[in-house]
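>>> just coords:
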């Protein structure tokens, strides 16, 4: 008896279009899995239009627009419990948003240049960001603590 291995064929097919940003979308991330909730129940997008948006990926409907940055947003990061969303922007700030209400809970300032990525630690107690540095060649990453909710 022999076995034959075959490459799986991707079954991905476009199911809709997300319409709402007025400039290029720089990043999109599905929400992480939660107990009792399907993984990817929400989608967050970051755009050069200085807004982040929350979407229902099953319907491609916009749920909320997160406004407050003054320049484009390059990254979004979900907290492990999906209650917070962090945005990293060319305006040299990070913002923490309440996913349920869309309220900006905190603006992290003090960066000297654009912030291009952010990520929560697995337990959500730390937030790492990488930024462009004019003082040293290359990119630098630093951490800042995030107060628990």
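Yep, that arrived. Predicted model only: the values in this text are computed from it and were never measured.

>>> helix or strand for the residue minimising distance to the centre of the chain, which one?
Nearest residue to the geometric centre of the chain (CA atoms, centre = their mean): residue 76, 1.7 Å. Under the criterion of DSSP states H and E, residue 76 resides in strand 73-78.

>>> Now do that strand: everything it contacts.
Strand 73-78 has contacts (CB atoms under 8 Å, 6 or more residues apart in numbering) with 26-29, 31-32, 44-48, 50-52, 84-90, 114-120, 127. From N, CA and C alone the C-beta is placed, and that goes for glycine too.

>>> Now, of those, which are buried?
Buried subset of the contacts of strand 73-78 (neighbour count, 16 or more other CB atoms under 10 Å): 26-27, 29, 31-32, 44-48, 50-52, 84-90, 114-120, 127.

>>> thinking again about what came up before, can you name the element that comes right after the strand holding residue 76?
Assigned by DSSP H and E, the successor of strand 73-78 is strand 84-89.

>>> What mean pLDDT does that following strand get?
Average pLDDT, strand 84-89: 94.

>>> neighbouring strands for the strand holding residue 76, and are they parallel or not?
Applying DSSP bridges to the sheet, strand 73-78 is found paired with strand 84-89 (antiparallel).
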